[in-house]
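Trainee: give me the fold of what follows.
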Amino acid sequence: AESLHSRSRLAVREDNTIIATDHDNGLFSYTQMNGGYIPVATVNDGGSATGMGSNDDTTIFLANGQGGVRVYTFDSNELQGACVFDQENWAAFDVNLNSQGTAFVSANMYLSAFSFTVDSLSLLAQQEMNGSINEISLINDSTIVVGVDHDKLAVMLFQDTAFVEQATVPVGFWNQFWGVGSDESGRIYTLDRTANLVAYQFEDSSLTLLGETQLNWDYGALGVRNDGVIFVTAYPNLLAYSFDGISFNLIDEIGVSGDYEGQGLCFSPDGTIFLADGYQGLKAFSLEGSEFTQLAQLDSIGICTDVFTLTGENVWVAQKNNGMRLYKFQTALDTKESPGLTMRIELMQNYPNPFNPSTTIRYGLPEDANVSLVIYDVRGQVVQTIESGQQSAGWYDVVWNGQTADGKTISTGIYFARLVAGEY
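Mentor: This is a model prediction of the structure:
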């Protein structure tokens, strides 16, 4: 896998091509062959790519920072275009599309709406707000939720050529929105700088506060899945909540890095959770009942800052300073009960990392093999043998409790896991 850099977004097409944005290097696309990832097409028009959106898998809107809004078409493994909209003191940050193809863009203090036909990008409406807009969300085709930093949470109605303010809730001057999410019922969730996860109800042109809960970290991401489960990152965990109309109830949590450089969440139609986890790469999880399971992790690809998918197979990833990339998500990583789904021996990055007191190590076997999984310290001395013996093909998750073979807790430091399976 190649490295991606500054704040970016990612999405996947129905043909399993992966598209990603890069902060400094534009738009990229990739496809997967024989279990690996190869680049398909690259577009670098300058700017600082931070967000993207599409509703038909062929027309891709890119929020390209100072480079404005750009529209590309994707066909036969090539990205073509682009149509560009830009104006002075205007840095595009996020893009959301409705079912009719209207693109809503946040840029500095402006909320804008665009249409695209063949090779023409047209500005339909623009509304100046009283603060910076980073996060936007759609309740329906014409109702947009806007987090205005240091000012308010606003619900705006789009009426063909203008935005009309429907309801607002003021926030403190020092407050900022890290995440904004909503559903078709008008339920709105926000994650803010004060580490509050807050729920509102939009109804009859008014916003009503329903409930809130305090998290342990003031930076992260927020996403609302189709089944109403709310996912947030708050260092060092990814957390899942239900909301009963009054209170947030924690379902489960799993360790992730949650660093300042990353954090973007999205969901596939089957409920798979994708996380752009900064320096820790791109991750995929399932939440079955009340338990998280990590399905996959892609490391050493730069700083992943956002992620987007339409189908759950094609996943677009934005990466700091290195563009937008498209990956194919291989569901073969799902469970250890699916033998032969990996084509090679795989030893995944442990999670969480760093950890205290325990960490999970995932590995995959393409065929039955005699397995040895051993932890070593930096001097090459054996610390603990985690697994030893014959195992069937499939995927395995093992937990190391941070202890030596004789039950002593390890000291802080760097440790290595070595997997030997059959002749490898």
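
Trainee: use CA for all of it now, contacts and neighbours both
Mentor: Noted.

Trainee: could you say which helix or strand holds I139?
Mentor: Element membership for I139, per DSSP states H and E: strand 133-140.

Trainee: what average pLDDT does that strand get?
Mentor: Taken as a whole, strand 133-140 has an average pLDDT of 90.

Trainee: enumerate every residue touching S99.
Mentor: By CA atoms under 8 Å, 6 or more residues apart in numbering, S99 lies in contact with 55, 141.

Trainee: packing partners of the strand holding I139?
Mentor: strand 92-97, strand 103-107, strand 143-148, strand 177-182 (3 or more CA pairs under 8 Å, 6 or more residues apart in numbering; DSSP states H and E).

Trainee: buried sites along the last one?
Mentor: I take that to be strand 177-182. By neighbour count on 16 or more other CA atoms under 10 Å, the buried set for strand 177-182 is 177-182.

Trainee: V95 against S106, yeah?
Mentor: Yes: between V95 and S106 a contact is recorded at 6.8 Å, counting by CA atoms under 8 Å.

Trainee: before we move on, back to that, in PDB, list the C-alpha atoms belonging to the strand holding I139.
Mentor: The C-alpha coordinates for strand 133-140 follow below in PDB (Å, rounded to 0.1, in the frame of the first residue of the first chain):
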ATOM      1  CA  ILE A 133     -18.300  25.600   9.100                       C
ATOM      2  CA  ASN A 134     -16.600  22.200   9.100                       C
ATOM      3  CA  GLU A 135     -19.300  19.700   9.700                       C
ATOM      4  CA  ILE A 136     -22.600  19.300   7.900                       C
ATOM      5  CA  SER A 137     -25.200  16.600   7.700                       C
ATOM      6  CA  LEU A 138     -28.400  16.000   5.700                       C
ATOM      7  CA  ILE A 139     -31.700  15.100   7.400                       C
ATOM      8  CA  ASN A 140     -33.300  14.800   4.000                       C
END
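
Trainee: partners of that strand, with directions?
Mentor: For strand 133-140, the paired strands and their directions (DSSP bridges) read strand 143-148 (antiparallel).

Trainee: sheet partners, orientation included, of the helix or strand just after the strand it pairs with?
Mentor: Counting by DSSP H and E, the next helix or strand C-terminal to strand 143-148 is strand 152-158. Strand 152-158 has the following strand partners under DSSP bridges: strand 143-148 (antiparallel), strand 163-170 (antiparallel).

Trainee: output those strands as JSON lines; include the columns mean neighbour count.
Mentor: Formatted as JSON lines, those follow (neighbours: other CA atoms under 10 Å):
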{"stretch": "strand 143-148", "mean neighbour count": "25"}
{"stretch": "strand 163-170", "mean neighbour count": "16"}
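
Trainee: out of these, which comes closest to R362?
Mentor: With CA to CA as the criterion, R362 lies closest to strand 143-148 of the strands paired with strand 152-158, at 38.1 Å.

Trainee: now do the closest one: everything it contacts.
Mentor: By CA under 8 Å, 6+ apart, the list of residues contacting strand 143-148 reads 129-139, 153-158, 176-177, 180-182.

Trainee: repeat that with 6 Å
Mentor: With contacts defined as CA atoms under 6 Å, 6 or more residues apart in numbering, strand 143-148 is touched by 131-133, 135-138, 153-157, 177.

Trainee: quick revisit: contacts for the strand holding I139, please.
Mentor: Residues from elsewhere that reach strand 133-140, judged by CA under 6 Å, 6+ apart: 106, 108-109, 144-148, 180-184.

Trainee: mind doing that once more with 7 Å?
Mentor: Applying CA atoms under 7 Å, 6 or more residues apart in numbering, the contact partners of strand 133-140 are 93-94, 106-110, 144-149, 177, 179-184, 186.

Trainee: same question for stretch 401-411.
Mentor: By CA under 7 Å, 6+ apart, stretch 401-411 touches 357-359, 383-384.

Trainee: which residues does L250 contact?
Mentor: L250 neighbours (CA under 7 Å, 6+ apart): 240-242.

Trainee: the helix or strand where it lies pairs with which strands, parallel or anti?
Mentor: Using DSSP H and E, L250 sits in strand 248-255. Here strand 248-255 is paired, per DSSP bridges, with strand 237-243 (antiparallel).

Trainee: pull the partner strand out as PDB, backbone CA atoms only.
Mentor: Extracted in PDB, the C-alpha atoms of strand 237-243 (Å, rounded to 0.1, in the frame of the first residue of the first chain):
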ATOM      1  CA  ASN A 237     -11.500   4.200  22.000                       C
ATOM      2  CA  LEU A 238     -14.200   3.900  19.400                       C
ATOM      3  CA  LEU A 239     -17.500   3.900  21.300                       C
ATOM      4  CA  ALA A 240     -21.000   2.800  20.300                       C
ATOM      5  CA  TYR A 241     -24.100   4.300  22.000                       C
ATOM      6  CA  SER A 242     -27.800   3.800  21.800                       C
ATOM      7  CA  PHE A 243     -30.100   6.700  22.700                       C
END
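
Trainee: what residues of it count as buried?
Mentor: Going by neighbour count (16+ other CA under 10 Å), the buried part of strand 237-243 is 237-241, 243.

Trainee: now do that strand: distance to the chain's middle.
Mentor: 15 Å (CA atoms, centre = their mean, to the nearest Å).
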